[in-house]
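S.K.: pasting the structure only:
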């Protein structure tokens, strides 16, 4: 029986929890090195898991826990030479592979060459357990995470996640223009997965990023072949649209109007979204719908809005979701209260996590309700989203959300791009005074002194902090600053102090 999105939130949550407990009993406890050890150390009997309080006995998993031995987070039956305390495949599962082999025609031979029955059984078993794809996070926290996928995941789980694209209006005949760089990250591979896994596939052109195909050439391609959807990191989309507008003024053919822009991998505030829509209008796409996405390497998938500003729709069949207080790590009192998102995988193979602490503070909380736009009942993640610790800092004694710097400067007319640097008067002295330096590029025709004055006023209003210095630089120089450290995501706010307070 599969979960129905017409069920009530209570029915869905009960189903999700029961499915998680069966998964733990049948797969996690026997074949997961890390959690088998955790269960034994905490005297947790997988046969006695019944309620959410029972689940809470499982300690929260953090990125630091996974860094010590990432292989220990991959589901794996015990094989010869294995040093982990895990079980060998059960007789029931072995017989299951025999039956599946007997009933699967394509396993009979390869290009007409017969193979032994046992070879085909081994191939069937490998489809469930053998990792056939892996990628890693960008490592922005200093601890890159690895995610592995087996054929089981690609065949049985990912299509359900990928098909969520259809919720916001995507049609099989539409074309997508993927601007994510071709790096071993989820951001790029999520689009590739979707292209081949949803029913009838997706029509997609992959630019592989600005280093593979220069931005100027991408604009030319977009003008030659009509695309219905752009997929990108918001900061690169900003640069792409600015480049396109400049090229159109020089006579390069204007791209056909685009219907959707799917933005992921960076927070997308209302101010950011408004700036993007203004830019889309300059290239002839005033009616574009900007769809926000949310994902992570640990999740192994990404989720999307079903329409513009409808908030991200989470999957309750292959994940069990929790929202926890950032201080106490206890469940928030009510759905919709701010908290840190946690999840447990359900029915995945490869890399598997239980009660994984994502570190993302969901300031709008997660509601579990019927969506007014698509009519489905499911968990809905409500931004703004920030890191529970890293996206807040103290500057000159004030606690400041770093996103507030971005929103403040985006509200200033005439500002094209920017970067905020937080440093010390004496970079070697932790006790010296904090300094906030803003580097900004302004649009042609904008008075620089007026722009500086307006930046100072708006930053003061939104953060209670006044910039100590504001420097106007060329757009190219600002772009170089934004991407020189990470290369994938823009560093809008950089804290260079020797100790982040």
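M.R.: Received it, and whenever you're ready, just let me know what you need. Source: prediction; values computed, not measured.
S.K.: hey, let's count contacts and neighbours off CA atoms from now on
M.R.: Fine.
S.K.: Tell me if I'm right that residue 335 and residue 367 touch.
M.R.: Yes: Residue 335 lies in contact with residue 367 (CA atoms under 8 Å); the separation is 5.1 Å.
S.K.: Distance of residue 100 relative to residue 93?
M.R.: Plainly put, residue 100 is 10 Å away from residue 93 if you go by CA to CA, to the nearest Å.
S.K.: Looking at those two, which is more packed in?
M.R.: Higher neighbour count among residue 100 and residue 93: residue 100, with 15 against 11, using other CA atoms under 10 Å.
S.K.: so what's that one up against?
M.R.: residue 124 (CA atoms under 8 Å, 6 or more residues apart in numbering).
S.K.: part of a helix, is it?
M.R.: Yes: using DSSP: H, G, I helix; E, B strand; the rest coil, the assignment for residue 100 is a helix.
S.K.: what secondary structure does residue 40 sit in?
M.R.: helix.
S.K.: Quick check: closest non-adjacent residue to residue 472.
M.R.: Spatial nearest neighbour of residue 472, excluding adjacent residues (CA to CA, 6 or more residues apart in numbering): residue 440 at 4.9 Å.
S.K.: helices or strands up against the host helix or strand of that neighbour?
M.R.: Assigned by DSSP states H and E, residue 440 falls within strand 434-442. Taking 3 or more CA pairs under 8 Å, 6 or more residues apart in numbering; DSSP states H and E as contact, the helices and strands that strand 434-442 lies on are strand 415-424, strand 469-472, helix 475-483.
S.K.: which stretch in those has the least confidence?
M.R.: Here the helices and strands packed on strand 434-442 differ in mean pLDDT, and the lowest is helix 475-483 at a mean of 87.
S.K.: Report the angle between that helix and strand 415-424.
M.R.: Angle, helix 475-483 to strand 415-424, by axes from the mean of the first three to the mean of the last three CA atoms, to 10 degrees: 50 degrees.
S.K.: So what touches the helix or strand following helix 475-483?
M.R.: Moving toward the C-terminus from helix 475-483, the next helix or strand (DSSP H and E) is strand 493-495. For strand 493-495, contacts defined as CA under 8 Å, 6+ apart pick out 402, 405, 406, 419, 420, 421, 422, 423.
S.K.: Each with direction, which strands does strand 493-495 pair with?
M.R.: Using DSSP bridges, the strands paired with strand 493-495 are strand 415-424 (parallel).
S.K.: could you check the angle strand 434-442 makes with the partner strand?
M.R.: 160 degrees.
S.K.: Grab the nearest non-local neighbour of residue 282.
M.R.: Excluding the flanking residues, the one nearest residue 282 by CA to CA, 6+ apart is residue 245, at 6.2 Å.
S.K.: phi, psi of that neighbour?
M.R.: Here is the backbone geometry of residue 245 (degrees, to the nearest 10): phi -60, psi -40.
S.K.: Does it touch residue 281 like I think?
M.R.: No: counting by CA under 8 Å, residue 245 stays clear of residue 281, with 9.6 Å between them.
S.K.: So which of the two has more stuff around it?
M.R.: Neighbours were counted for residue 245 and for residue 281 using other CA under 10 Å; residue 245 has more, 20 against 15.
S.K.: quick one: contacts of stretch 158-168?
M.R.: 190, 193-194, 197-199, 291, 301-307, 315, 374.
S.K.: Farthest-apart pair in those, please.
M.R.: 193 and 374 (23.5 Å; CA to CA).
S.K.: Of all residues in this protein, which one is nearest the centre?
M.R.: Ranked by distance to the mean C-alpha position of the chain (CA atoms, centre = their mean), the top residue is residue 295 at 1.9 Å.
S.K.: What confidence value was assigned to that one?
M.R.: 89.
S.K.: Relative to the helix or strand encompassing residue 378, what are the paired strands and their orientations?
M.R.: Mapping residue 378 onto the secondary structure by DSSP H and E places it in strand 377-381. Looking at strand 377-381 with DSSP bridges, its partner strands are strand 312-313 (antiparallel), strand 366-370 (antiparallel).
S.K.: Just after the first one, pick out the following helix or strand.
M.R.: Using DSSP H and E, the helix or strand that follows strand 312-313 in sequence is strand 319-324.
S.K.: For the helix or strand following that next one, enumerate the helices and strands it packs against.
M.R.: Downstream of strand 319-324, the next assigned helix or strand under DSSP H and E is strand 339-345. Counting contacts by 3+ CA pairs under 8 Å, 6+ apart, strand 339-345 packs against strand 319-324, strand 356-362.
S.K.: how about those strands in CSV, adding mean neighbour count and distance to residue 467?
M.R.: Below are those laid out as CSV (neighbours: other CA atoms under 10 Å; distance: least, CA to CA, whole Å):
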stretch, mean neighbour count, distance to residue 467
strand 319-324, 22, 35
strand 356-362, 21, 26
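S.K.: And those, which one averages the lowest pLDDT?
M.R.: strand 356-362 (a mean of 89).
S.K.: any idea how far that strand is from the chain center?
M.R.: Strand 356-362 sits 12 Å away from the centroid of its parent chain (CA atoms, centre = their mean, to the nearest Å).
S.K.: now the angle from that strand to strand 339-345?
M.R.: Using the same axes, to 10 degrees, the inter-axis angle of strand 356-362 relative to strand 339-345 is 150 degrees.
S.K.: got the angle for strand 356-362 vs strand 319-324?
M.R.: Using the same axes, to 10 degrees: strand 356-362 against strand 319-324 is 60 degrees.
S.K.: Which one, of the helices and strands packed on strand 434-442, ends up nearest to residue 265?
M.R.: Of the helices and strands packed on strand 434-442, nearest to residue 265 by CA to CA is helix 475-483, at 14.1 Å.
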